[in-house]
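**Student:** Need coordinates for the following:
(chains A and B)
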There are 2 protein chains.
Amino acid sequence: MTRADRSAGQPEPPEARSPVRLRLRLDLSGQRRIGPGKIDLLEAIADTGSISAAGRAMGMSYRRAWLLVSAMNAMFAEPVVMTAAGGTAGGGATLTPFGARLAAAFRRLEARTMAAAGEELGAFVPELLAEAE
Amino acid sequence: MTRADRSAGQPEPPEARSPVRLRLRLDLSGQRRIGPGKIDLLEAIADTGSISAAGRAMGMSYRRAWLLVSAMNAMFAEPVVMTAAGGTAGGGATLTPFGARLAAAFRRLEARTMAAAGEELGAFVPELLAEAE
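**Tutor:** Numbering: from 1, shown residues only, chains lettered A, B, ... in the order given. The predicted model follows:
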């Protein structure tokens, strides 16, 4: 994934306009999860160079953004985000190559799943009622 | 999907043994969702012929199972489950052909997504730590 792949600060998935939005979540052992929210955050850190700015762009508190990053860094033998010397609050943050590969792989999987969903479930979309009655 | 595809009363997905479990959820408009839990329930109804027995097999109350079925029936122009004349409590229930097609399509999508996940994310599995520290 390169930064040019994404419109800055607007990590909206391409399927948002469809009547059906698909969410892919990976459940690891011990309540650990990776889903589109954490990947959105990684991409926002790549775009903004900062955990706090990434959190702001996604409408979440710095504390919540930091906790999500911390949880991801504790999942793998390699960190996904590195913070500059000087502390996490103001020194800037960047994806590691490992973190960038993880985010890109998740997005490729999402795109493949969306394509498969169109084939497998497209026939059901015309049967969808507009809203629960 | 035929009944023979599934071991009766044990709707355990094949990926349960892996360190990574994948969950696919479809978000429709108006808080309506279709995910593996609702599809498990449809398959349990197909297996048991009854909403209450299906709920029991899944460890949920009859009320919760009935609400989930009711929510699915309200999503589409066609029902996914039909109950026999005599009421929902004791008369038995069966998937409609539409409901059976929906469940089968969801499972095909899950299987395709699992295969894609193995390709896209398999390289990250050896990097997974055993547990949050």
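
**Student:** and A:Pro126, that one's in a helix?
**Tutor:** Yes - looking at A:Pro126 with DSSP: H, G, I helix; E, B strand; the rest coil, it is inside a helix.

**Student:** Buried residues, the helix or strand encompassing A:Ala65. List them.
**Tutor:** A:Ala65 is part of helix A:62-73, with elements assigned from DSSP states H and E. Applying a neighbour-count criterion of 16 or more other CB atoms under 10 Å in any protein chain shown, the buried positions in helix A:62-73 are A:62, A:65-66, A:68-69, A:71-73. Heads up, the C-betas are built off the backbone N, CA and C, glycines and all.

**Student:** Show me what it is in contact with.
**Tutor:** By CB atoms under 8 Å, 6 or more residues apart in numbering or on different chains, the list of residues contacting helix A:62-73 from outside reads A:32, A:34, A:37-38, A:41-42, A:45, A:51-52, A:54-56, A:58, A:79-81, A:88-89, A:93, A:99, B:132.

**Student:** Format the CA atom coordinates belonging to it as PDB.
**Tutor:** Listed next in PDB are the C-alpha coordinates belonging to helix A:62-73 (Å, rounded to 0.1, in the frame of the first residue of the first chain):
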ATOM      1  CA  TYR A  62      -5.700   9.900  21.600                       C
ATOM      2  CA  ARG A  63      -6.000   7.500  24.400                       C
ATOM      3  CA  ARG A  64      -8.200   5.100  22.400                       C
ATOM      4  CA  ALA A  65      -5.900   5.400  19.300                       C
ATOM      5  CA  TRP A  66      -2.800   4.700  21.400                       C
ATOM      6  CA  LEU A  67      -4.500   1.700  23.100                       C
ATOM      7  CA  LEU A  68      -5.400   0.200  19.700                       C
ATOM      8  CA  VAL A  69      -1.800   0.700  18.400                       C
ATOM      9  CA  SER A  70      -0.500  -0.800  21.600                       C
ATOM     10  CA  ALA A  71      -2.800  -3.800  21.300                       C
ATOM     11  CA  MET A  72      -1.600  -4.400  17.700                       C
ATOM     12  CA  ASN A  73       2.100  -4.100  18.600                       C
END
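
**Student:** next helix or strand past that helix?
**Tutor:** strand A:81-83.

**Student:** quick one: the least confident helix or strand in chain A by mean pLDDT to strand B:21-27, angle?
**Tutor:** Comparing every helix and strand of chain A by mean pLDDT, DSSP states H and E singles out strand A:21-27 as the least confident one, with a mean of 91. Using axes from the mean of the first three to the mean of the last three CA atoms, to 10 degrees, the interaxial angle of strand A:21-27 with respect to strand B:21-27 works out to 160 degrees.

**Student:** That'll do, ta.
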